[in-house]
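**Q** Pasting the sequence and the predicted model now:
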Amino acid sequence: MTPRFPRTRRAASALVMAAAVGLLAAPSAQAAPTGVTNPGFEAGSTGWNQFSTPFGGLPLINSSSARPAHSGSWKAELGGRGFTGVNRISQQVTVPAHRVPVLSFWLRIDPQTPATLAYRELDVEATAPDGTPYLLASRTNKDADGAYEKVTVTLPDAFYASTDQQVNLSFLVVEDASNRVPFLVDDVTVDFRLKLVRPWPPVILRPTTTGL
């Protein structure tokens, strides 16, 4: 994942250094339920913000059988409309205190020709409470195989805090009129895991000896 500003890179470097000296361990198993409202889009656009310019074609969140969902009938369909503009869906998620958020979603990219150039891209971003956006994942038309794949990514340390915080998740595709590549997103979840902190090695006290 890629922080978008130098200061976030410094924060990531600090995290790597801490891990190197044994302060941090991998997150534990899931400790809280999903934080996403309407994760499978089965309630339509409930819980999701949609932005599309220009407006045209099917709604971004739809139940069209032409491009089926991963599960159920509804999914988000970004791009593939033949209109020059932007397609984006987003949702604000509350990350509980002392939890590591882990984002998972199912993604399908239908093959298009020619596939030799990466001319379409899906960007998945999370915006931290201080306004810093982080690129969590990206896929292009070159990743297309017409089947759903599960994408899972652990959010960086900027999203871990001692208090609850609001995080904005977004899925963004820039569209044009000539290269129609649909990106289908479904079953979006955020799990919250405990972060284990290994203590410093204990100090071993040795008995002192005195001369006889």
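**A** Yep, that arrived. Numbers count the residues shown, from 1 in each chain.
**Q** quick one: the helices in this protein?
**A** For the chain, helices defined by DSSP state H occupy the ranges 6-20.
**Q** for it, what helix or strand is lowest in average pLDDT?
**A** helix 6-20 (a mean of 35; mean pLDDT, DSSP states H and E).
**Q** show me where pLDDT drops low in the chain?
**A** 1-34, 55-56, 113-115, 197-212 (pLDDT under 70).
**Q** For Ala69, see how far away Glu77 is.
**A** 9 Å (C-beta to C-beta, to the nearest Å). From N, CA and C alone the C-beta is placed, and that goes for glycine too.
**Q** Then Gly35?
**A** Gly35 is 21 Å from Ala69, where distance means C-beta to C-beta.
**Q** Number of residues surrounding Gly40?
**A** Using other C-beta atoms under 10 Å, Gly40 has 18 other residues around it.
**Q** please renumber so the chain begins at 23
**A** Shifting the count to begin at 23 puts that one at Gly62.
**Q** Verify the contact between it and Trp96 for me.
**A** Yes - Gly62 is within contact range of Trp96, at 6.8 Å (criterion: C-beta atoms under 8 Å).
**Q** Name the residues contacting each of these two.
**A** Jointly contacting Gly62 and Trp96 under the rule C-beta atoms under 8 Å, 6 or more residues apart in numbering are Asp208.
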